[in-house]
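> 3D, please:
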Amino acid sequence: MNYQILLDRLRRADDLSAMRLRATVAARTEKAMAVPFRDRWARIRGAWLGIVGWIVICVGLAGTYCLQAEPKFLVTTDVVLEPPQPSLSTDPAAQSTTPTLDSALADSQVQVLLSERNLRYVFDVQHLDSDPEFARSGFDLIGWVISRLPFPVEPPLPPEEQAKRNREIAFQNFASQVSARRLAQSYAFELSFYANSPEKAARLGNAITAAYIRDKVLYNIAAAAAQRGGDFLKNRVADTKAEQEAADKAVRTGVIPDFVFGHADARIISSAVEPLRKAYPRTTLILLMAFVFALATGVAGVIVFDELDPRVRSARRLWALTGLTALAALPVVNMARQRPTALLQWARTDPESRFAAEIRKLRGATLHLAGDGAPPSIGVLSYRRGEGRSVVAANLAAVIAAAGTPTALIDGDILNPALTRSLAPQATRGLADGVSAGVDPSYLLHAVAPNLSVLPALSLAIAPDPNETVGFTTTISASAALTTSHFVVVDLPPVSDSPEGLAIAGGLSGILVIVDAAGVAVDELLQLIDRLADTDARVLGVAINKSE
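Numbering: from 1, shown residues only. Take a look at the predicted model:
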């Protein structure tokens, strides 16, 4: 809604009420006000059941995942590179040379450890192509879905090709579970491997490390033999064979022996042992993260929905969104536990209730109007039906009458005479037929309590014809006639059903706007005030019904 247009229309009225509305709407136009934190917190507390339910769902899904997920156990081994020891020689230059290692060599050894040659040797020796953990087996959800899609189907591979492909898939799965990293800037590096059982993780982690040591032994022996000739190989063949056999056995068994591999230029400083607890899934962390996620998203969702919610809901929210001050905030009333007649007189029969206290606030605003010398005729208006307009009008008239002021309650809603049905069901004539026939409205009043009378809308024995009924003229004339002896409260028809409520509003001393906090949007309220400004009606203020 264009607030500037609303300001221009309100400027056409010169009474204090329009000036007050103009000032508040102007303040709202200049600076948008945030919804108070207390309202936000109240909204979050009101949605605690939904937030708890969302937390239970998220934590339950996380717990289900932890129970269904295949556990993984992580092991590590550490290897340190060592330069070859200098050989004994009578050459002073050779004795003075200190063996060294460079940083590039340490980084390259990590790649050697993760090389296909090293991993494939372990894969073949351990016969992992038939291991269910690495071989493609079981139900494949993604593959099943893709097979159901209308895509061109590839022809099946020959058995030999399919077996080779399955073997490569198993090797890739095995290699994806191996990782290695250099420890800071040292010449040590760490190998990590995870599997679905502690025994397998430790066995294969040690086997991969032993395969690397075996490869180092074979490479160094071959390099030394090429450099120094066959005599060197003959002298070292026994030591070489023992180291190679020890490394091969370690690859097969997955147990690192207590053996010194002199030709490896590397030393295993820690071997893998069976882990006592799984590394994945981390149940405690996952459940904690699920709880935090559910709590944060639940609260955020409430705040987002609260921000997008266009309803009034409370007096503080009304002020924050429109700059209008509520004269009263009526609580939610359980209609099922109240008879219609008792509900219309509830503020009088139960003066200690919060409902009665809020109705007395409205009485103060209306009696202040009467004290200004203006004719005391108050209209109660709402945007749509079901917002509690008739209940507020009846109870307002009841508490005004209880203060000793003769009060007339006019049922101005001719097409839906709720007050007439509850308070004067036996009336033979009413507003629609009696006043138009020239009858004095005071003769049509029905006494319902001390100082309180009701003017029925019409005789309930005859259903009105909507095409023939024009109620705003008779309502205005009846209220004008009764103000000489009574304080008049008029129950006006809702604006969404009939424009007669707006037509009557311009002829009354003041208008109370009733807003259903749970059902009316802020834009609808401002639209109603905008239309009242067109009729030059004096808006006393807004009363919120069913306030939070």
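> Next secondary structure after whichever helix or strand Glu160 is part of?
Following DSSP states H and E, the helix or strand that holds Glu160 is helix 159-175. Of the helices and strands lying after helix 159-175 in sequence (DSSP H and E), the nearest is strand 178-182.
> so how far is that next one from its chain's centroid?
41 Å (CA atoms, centre = their mean, to the nearest Å).
> average pLDDT for the next helix or strand after it?
Using DSSP H and E, the helix or strand that follows strand 178-182 in sequence is strand 188-195. Strand 188-195 carries an average pLDDT of 94.
> re earlier: and the helix holding Glu160, what's buried?
By 16 or more other CB atoms under 10 Å, the buried positions in helix 159-175 come out as Asn166, Arg167, Ala170, Phe171, Phe174, Ala175. Yep, even glycine has a C-beta here, placed from its N, CA and C like the rest.
> What segments of the stretch 301-450 of the chain are strands?
With DSSP state E, counting those that start in this stretch, the ranges of strands along the stretch 301-450 of the chain come out as 326-329, 377-382, 407-411, 446-449.
> quick revisit: quick check: mean pLDDT across the helix holding Glu160?
pLDDT averaged over helix 159-175 gives 91.
> Which residues does it contact?
Helix 159-175 has contacts (CB atoms under 8 Å, 6 or more residues apart in numbering) with 114, 116, 119-120, 123, 128-129, 131, 133-136, 156-157.
> which stretches of the stretch 1-150 of the chain have low pLDDT?
Scanning the stretch 1-150 of the chain for pLDDT under 70 picks out 1-36, 84-101, 136-148.
> Could I get the full set of strands for it?
73-81.
> still on that earlier bit, could the strands of the stretch 301-450 of the chain go into JSON lines alongside distance to Phe305 and mean pLDDT?
Output for these, formatted as JSON lines (distance: least, CB to CB, whole Å; pLDDT from 0 to 100):
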{"stretch": "strand 326-329", "distance to Phe305": "22", "mean pLDDT": "89"}
{"stretch": "strand 377-382", "distance to Phe305": "25", "mean pLDDT": "92"}
{"stretch": "strand 407-411", "distance to Phe305": "39", "mean pLDDT": "92"}
{"stretch": "strand 446-449", "distance to Phe305": "44", "mean pLDDT": "88"}
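> Turn those into JSON lines, columns for distance to Pro499 and mean neighbour count.
Shown next, in JSON lines, are the strands of the stretch 301-450 of the chain (distance: least, CB to CB, whole Å; neighbours: other CB atoms under 10 Å):
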{"stretch": "strand 326-329", "distance to Pro499": "25", "mean neighbour count": "22"}
{"stretch": "strand 377-382", "distance to Pro499": "12", "mean neighbour count": "28"}
{"stretch": "strand 407-411", "distance to Pro499": "18", "mean neighbour count": "30"}
{"stretch": "strand 446-449", "distance to Pro499": "28", "mean neighbour count": "16"}
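> Let me know the closest of the buried residues of helix 159-175 to Val273.
Phe174 (20.7 Å; CB to CB).
> how near is the closest residue to that closest one other than its chain neighbours to Asn166?
Excluding the flanking residues, the one nearest Phe174 by CB to CB, 6 or more residues apart in numbering is Phe134, at 4.7 Å. The gap separating Phe134 from Asn166 is 10 Å, by CB to CB, to the nearest Å.
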